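>>> Fold the following for me, if possible:
(chains A and B)
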Amino acid sequence: MRPGELRDRQRDIAADPAALDGQTSFNVIGGRHRKVDGAGRVSGATVYTDDMTLPGMLHGKILRSPHPHANIISIDVSEALALPGVYAVVTGRDMPVTYCVIPWTRDEYPLCVDRVRYIGDGVAAVAAVDEETANRALRLIRVEYELLEPVLSAERAIQPDAPQIHEAGKPGRNGNITKHVHLSFGDVDGAMAASDIVIEGEYFFQGTTHTPIEPHCAIGWYEPSGKLTVWSATQVPHYLHRELARVLDLDVARIRVVQPAVGGAFGGKSEPFDLEFCVAALSRKCGRPVKILYTREEVFFAHRGRHPMEMKYRLGASRDGAIKAVDGHLLLDGGAYASFGLVTAYYSGQLLTAPYTFESYRFDSTRVYTNKSACGPKRGHGSVQPRFAFEVQLDKLAEAIDMDPIEIRRRNFIGERTRTINELRITSNGFLQCLEMVERASDWKTKHRRLPFGRGVGVAGSTYISGTNYPIYPNEMPQAAIQIQIERSGRVAVFTGASEIGQGSNSMVAYVTAEELGVPLEYVRVHSTDTDMTPVDLGAYSSRETFMVGNACVVAARELKHRIKQVVADEWQCTAAEVALAGGWAFDVRDTSRHIPIVDAFNMAEARLGPLAAVGHYNTPKDVHGEYRGGTIGASPAYSFTAHVAEVSVDVESGIVTVDNIWIAHDCGRALNPVLVEAQMEGSAYMGFGEALMEEHAYKDADHGRAGLHNASSLLDYRIPTTLDTPEMQSLIVESVDPEGPYGAKEAGEGPLHPSIPAIANAIYDAVGVRMDRMPFSPPNVWRALQDAAHRDRWERRHSSQLVAVD
Amino acid sequence: MHSIVELSVNGDRHQAGVPDHYSLLEALRYVLGLTGSKQGCDKGDCGACTVLLDGVPVLSCITPVQEAAGRSVTTVEGLARPGRLSPLQEAFERLGAAQCGFCTPGILMSAHALLQSNPSPTRAEIKDALSGNLCRCTGYTKILDAVEAAASASSPNGFHATEAAR
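Numbers count the residues shown, from 1 in each chain, chains lettered A, B, ... in the order given. This next block holds a predicted model:
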């Protein structure tokens, strides 16, 4: 199928921004408001999981494997159990049920049953009167291991004779391959052969991890009534709820999951973890609440971060820069368990097909097991690594045909209301404005190829999903739901399952509610993520909250608004359309001298209709994906677009790269609160910058210490950027007003991370003439690249030649 | 072993029975119930536990509790006056400088100490003073903006003076 044919299918897209309900101006939406929970977070009053203490609460600890790969021969817990102050011990035999956030790839036990697969794999857990006693008890547990050869690299894992980390699904298969995806769209070989120029490159993206400042923490309490409550620093309470029931063999209706305030997540808390099962199992055994708080080292062990990827790309293009063929071959190092890896393998190919038009495209992704912490979804799940490789490929293409790198991106722009080559449905698309804004703000034209040796600028673009059209477990129920209740004082309570992890989802639903119901923001109280109280939401992942929960909230709030307006209209003998609710008042739009306090309107409506409450939900479009196996993965109701320009200085003597500035332009559809959108843009660009220059989630091999041991499991050794490292960043918001987003909004939390890495790589090339195809761009790596003496000549040649006119 | 330690925290005097091996952070959080100060790393790397000891920022997770005996401790709970955020907290809230909020208490304490000794710091001086506090959400931009805003608030032409005049 050719892109032109895909454009015939625009009928799937709403013709108008229906979600706007005719609105053109707003009272709350778009304003620079405070967060509803901001005062608590700046005063120390906000309660995170480890801030909670329950009466009689015990402290739990988990014994972890010191071996990367071993069979468990026996576990003897008798001495630990005999220690005074120890109340319960659990091992894998207490919960011999596999789990995984993806129901098709359950391969992990809460505690290992017969084999450990990485250093840090959980083996047993204890609950004791205090932390010290629990630690002492761990030292009394005797585990006999039979050591197995560890597999520490993806290259080793795919070899036929490699030790098998998991059983093969079918006899004769390599059990180390967790997922293989091969998808092809159009005639790649033909288009490649017909290309005027082919750029080939090999790239490496190292492992990196989320590093929220709050370590994972959970409290379990199995009450005498038989009700289990788990409080956890999770970003997916609903999935945790389901998996707790399955693994512990409890009726899901007897379990309550509460997510207190979460101190950062970034994808690192988006599936169940061993501590949540352990606190529940320990509490069931001893009848007292049990808390487990990960040490920082355990957070590194838990990981689920960025997959290291080896990537080979061929890019075929015509002389005028049009992309004719893209062919990618990717090897993903998945670590010991599946996690979200099935999706990662798809995303590593599926999400590359915008914002540029590909005439043909093929990718082949293989995810393998290794004896290291499991990789999973980190901000920009699966697509950050290929985006780095592809945007550098594009830079090389621009260089080869002597075209401005911004211009080549413009020329390949896929457009709006269209389809990608793999049939993702694009609705709104502000990518051209993004390019324009970073070009202007960075003063690109006077800098690119014009700065003195050692300084340079680079550009990159990207796209990302606003949630996924299909939930993780198959079901036809809504993806998001909200309940709103109005109390007689005028206070409005919003009940939402959306996970507030610092990004501001609580505030987002408050802005929507205040906008629709006309109450001051302070009148809105948001109650979130308590499975006993709030409607199901799937969680804070894949940048779905604003789009999906926002839409659900609009529906619920409008339902109430229409009811209230009708009651006031009946009283005033006018039409409901002539009644407005705004700023704490109900008034007649034809004669604003006729107005009553909003609370009077609420009371009038309650007197007439009974208590004021409404539910709203949102469900994704289900029939707009490609009809091929995997066509549903990557399908999203809307895509965000981003462009970055980075400016760098490179010290040739030391290889130290300093990023002086990043200009970030992001199309978020509409900024419901620009402060929070900028905050996501800056936080994303910062996180990408850290991955580009300094972060390495790496392991020792046998020649450098204990094979398979984490190389940097502390915040001193795993270097994340401080105030002194972080560049100045300028956020430039682009509003394309999506036809299906709430007030036109799309995601902002993950998309803006992608381009920072390739923009920095391309800027390094502009500065000193070396290509950094292998990350990170650390001083040793950059210094080594600079030892290629030809770089200076390349730089001289580039800076003396003029680019083709682009205006 | 436990000892009785005299702790003066945010002006409150306590005689607290504290395990001898406890850090000041553990005593604050788990003995006195002042959970505003956070533990992010266990070993002095992240700065989330920063409190003031006699006005000087220290990492309370690596400060033995005995070292704080008889001295004045200020935590994030001691910044706001009853019912009113401090100008620094107010700037953090208004400008969106706290996202998840977990590093915020430590950053506020470092910034508060800076503004006490240097009421009009440059951006470079602010970066320097906060370089021991890791934040993973914000990219620091809005934090630096908020400290600058709070600094100008205390000057005669700052936004607080302007807002008060309205």
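
>>> Spatially nearest residue to the spatially most central residue of chain B (excluding sequence neighbours)?
Centrality entry for chain B: nearest residue to the mean C-alpha point is B:Met109, 2.1 Å, by C-alpha atoms, centre = their mean. Excluding the flanking residues, the one nearest B:Met109 by C-beta to C-beta, 6 or more residues apart in numbering or on different chains is B:Thr50, at 4.4 Å. The C-beta positions use only the backbone N, C-alpha and C, and glycine is treated the same way.

>>> from memory that neighbour sits against B:Cys61, does it?
No: B:Thr50 is beyond contact range of B:Cys61, at 9.3 Å (criterion: C-beta atoms under 8 Å).

>>> so who does the residue of chain B found nearest chain A touch?
Distance from chain A to each residue of chain B (C-beta to the nearest C-beta) is smallest for B:Gly36, at 2.2 Å. Taking C-beta atoms under 8 Å, 6 or more residues apart in numbering or on different chains, we find B:Gly36 in contact with A:43-45, B:75-77, B:105.

>>> Quickly check: the helix or strand where A:Ala767 lies near chain B or not.
Following DSSP states H and E, one finds A:Ala767 within helix A:756-768. No: using C-beta under 8 Å from any C-beta of the partner chain, helix A:756-768 stays clear of chain B, coming no nearer than 10.1 Å.

>>> Residue in the stretch 1-150 of chain A with the shortest distance to chain B?
For the stretch 1-150 of chain A, C-beta to the nearest C-beta, closest residue to chain B: A:Gly44, 2.2 Å.

>>> contacting residues for that residue?
By C-beta under 8 Å, 6+ apart, the contact set of A:Gly44 is B:34-37, B:75-77, B:105.

>>> Going along the chain, name the helices of the stretch 601-750 of chain A.
Taking DSSP state H, counting those that start in this stretch as the test, the helices found in the stretch 601-750 of chain A are A:674-693.

>>> pLDDT value on the residue in the stretch 351-500 of chain A positioned nearest to chain B, please?
Here the residue of the stretch 351-500 of chain A nearest chain B is A:Glu500; by C-beta to the nearest C-beta that distance is 8.9 Å. A:Glu500 carries a pLDDT value of 98.

>>> quick one, what contacts A:Val734?
A:430, A:433-434, A:437, A:641, A:665-668.

>>> at 6 Å instead, please
A:Val734 makes contact with A:430, A:433-434, A:665, A:667 under the criterion C-beta atoms under 6 Å, 6 or more residues apart in numbering or on different chains.

>>> ok, now A:Gln730?
A:441, A:663.

>>> for chain B, what are the nearby residues on the stretch 351-500 of chain A?
With the criterion set to C-beta under 6 Å from any C-beta of the partner chain, the stretch 351-500 of chain A never comes near chain B.

>>> can you give me the strands in the stretch 351-500 of chain A?
Under the criterion DSSP state E, counting those that start in this stretch, strands of the stretch 351-500 of chain A are mapped to A:361-368, A:418-419, A:425-426, A:455-465, A:480-486, A:492-496.

>>> Next: chain B.
B:2-9, B:12-19, B:50-53, B:56-59, B:72-74 (DSSP state E).

>>> How about the shortest one and chain A, touching?
So that's strand B:72-74. No: Strand B:72-74 lies apart from chain A when judged by C-beta under 6 Å from any C-beta; the minimum separation is 11.5 Å.

>>> That strand pairs with which strands, and in what direction?
strand B:2-9 (parallel), strand B:50-53 (antiparallel) (DSSP bridges).

>>> Between those, which one is closest to A:Phe185.
strand B:50-53 (53.0 Å; C-beta to C-beta).

>>> Quick check: which ranges of chain B have low pLDDT?
Counting by pLDDT under 70, chain B has low-confidence residues at B:155-166.

>>> Now with 50, please.
Low-confidence segments of chain B (pLDDT under 50): B:156-166.

>>> sorry, back to before: the residue of the stretch 1-150 of chain A closest to chain B and A:Ala510: what is the separation?
22 Å (C-beta to C-beta, to the nearest Å).

>>> swap in B:Pro64?
43 Å.

>>> quick one, which of those two is more surrounded?
Per other C-beta atoms under 10 Å in any protein chain shown, whichever of B:Pro64 and A:Ala510 has more neighbours is A:Ala510, with 28 against 14.

>>> I'd say the more buried one and A:Val36 touch.
Yes: using C-beta atoms under 6 Å, A:Ala510 makes contact with A:Val36 at a distance of 4.6 Å.

>>> Residues that sit against both of those two, list them.
A:Val526.

>>> Pull the contacting residues for A:Leu330.
A:309, A:311, A:348, A:365.

>>> Between those residues, which sits nearest chain B?
A:Met309 (22.5 Å).

>>> Can you tell me how far that closest one is from A:Thr208?
11 Å.

>>> in the helix or strand hosting A:Tyr313, what counts as buried?
Element membership for A:Tyr313, per DSSP H and E: strand A:309-317. For strand A:309-317, the buried set under the neighbour-count rule, 16 or more other C-beta atoms under 10 Å in any protein chain shown, comprises A:309-311, A:313-317.

>>> now that strand and strand A:361-368, what's the angle there?
For strand A:309-317 against strand A:361-368, the angle by axes from the mean of the first three to the mean of the last three C-alpha atoms, to 10 degrees is 170 degrees.
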